[in-house]
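[1] sequence and predicted structure, then a few things I'm wondering about:
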Amino acid sequence: MISLRFNGQIIHASLVDNSSTEVLLATLNRGPLTIAMEDYANMEKVGPLGFELPRNDEQIDAVAGDLILYQGDKLVLYYAPNSWNFTRLGRVEGIDATSLLEKLGDGNVEVTISAD
């Protein structure tokens, strides 16, 4: 599990088991990571990690709440569906698409991720 903090909110996400999340968790165990995320195409927030993670890309139909690694060095949090070749990292727990978008707000957002 990881925590995502933004706009005074905290949400939690479960992670899948792959080499990408292993490296991500090892990084987060050294301290939180803050990512400046931009709104893209009215479906996602995306921002640079500042380093690369191993890729486990596959064709995925992403839905609201999915955490995705894009091109090995960008974190994406979906609030609407999309289909593409990505690496699945995990999924936000206990929140629907409408509530997630309300919490994220319009435009760009700074997200701090930490290991639970």
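    Received, thanks.

[2] and for the protein, the residue most distant from the center?
    Within the chain, the residue lying farthest from the chain centre (C-alpha atoms, centre = their mean) is Arg30, at 18.5 Å.

[3] what's the first helix or strand after the helix-or-strand element of the chain with minimal mean pLDDT?
    Taking mean pLDDT, DSSP states H and E as the measure, the helix or strand of the chain with the lowest value is helix 97-104, at a mean of 93. Using DSSP states H and E, the helix or strand that follows helix 97-104 towards the C-terminus is strand 109-115.

[4] now the longest helix belonging to the chain, how far from the centre of its chain.
    If each helix of the chain is counted by residues according to DSSP state H, the longest one is helix 19-28. Taking C-alpha atoms, centre = their mean, to the nearest Å, one finds the center of helix 19-28 at 13 Å from the center of the full chain.

[5] and that helix, what does it pack against?
    For helix 19-28, the elements it packs on are strand 2-6, strand 9-15, strand 82-92, strand 109-115, judged by 3 or more C-beta pairs under 8 Å, 6 or more residues apart in numbering; DSSP states H and E. Placement of C-beta: from N, CA and C, glycine included.

[6] give me the contacts around the third one.
    I take that to be strand 82-92. In this structure, residues lying in contact with strand 82-92 by C-beta atoms under 8 Å, 6 or more residues apart in numbering are 2, 4, 11-16, 18, 20-21, 24, 43-44, 53, 55-62, 65-70, 72, 75-77, 100.

[7] buried subset of the residues you listed?
    Buried subset of the contacts of strand 82-92 (neighbour count, 16 or more other C-beta atoms under 10 Å): 2, 4, 11, 13, 15, 18, 20-21, 24, 43-44, 53, 55, 57, 60, 62, 65-70, 75-77, 100.

[8] tabulate the CA atom coordinates of the least confident helix or strand of the chain in PDB.
    These are the backbone C-alpha positions of helix 97-104, laid out as PDB (Å, rounded to 0.1, in the frame of the first residue of the first chain):
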ATOM      1  CA  ALA A  97     -14.400   8.200 -10.300                       C
ATOM      2  CA  THR A  98     -16.600  11.300  -9.400                       C
ATOM      3  CA  SER A  99     -15.100  11.600  -5.900                       C
ATOM      4  CA  LEU A 100     -11.600  11.100  -7.200                       C
ATOM      5  CA  LEU A 101     -11.900  13.900  -9.700                       C
ATOM      6  CA  GLU A 102     -13.500  16.200  -7.100                       C
ATOM      7  CA  LYS A 103     -10.500  15.500  -4.800                       C
ATOM      8  CA  LEU A 104      -7.900  16.000  -7.500                       C
END
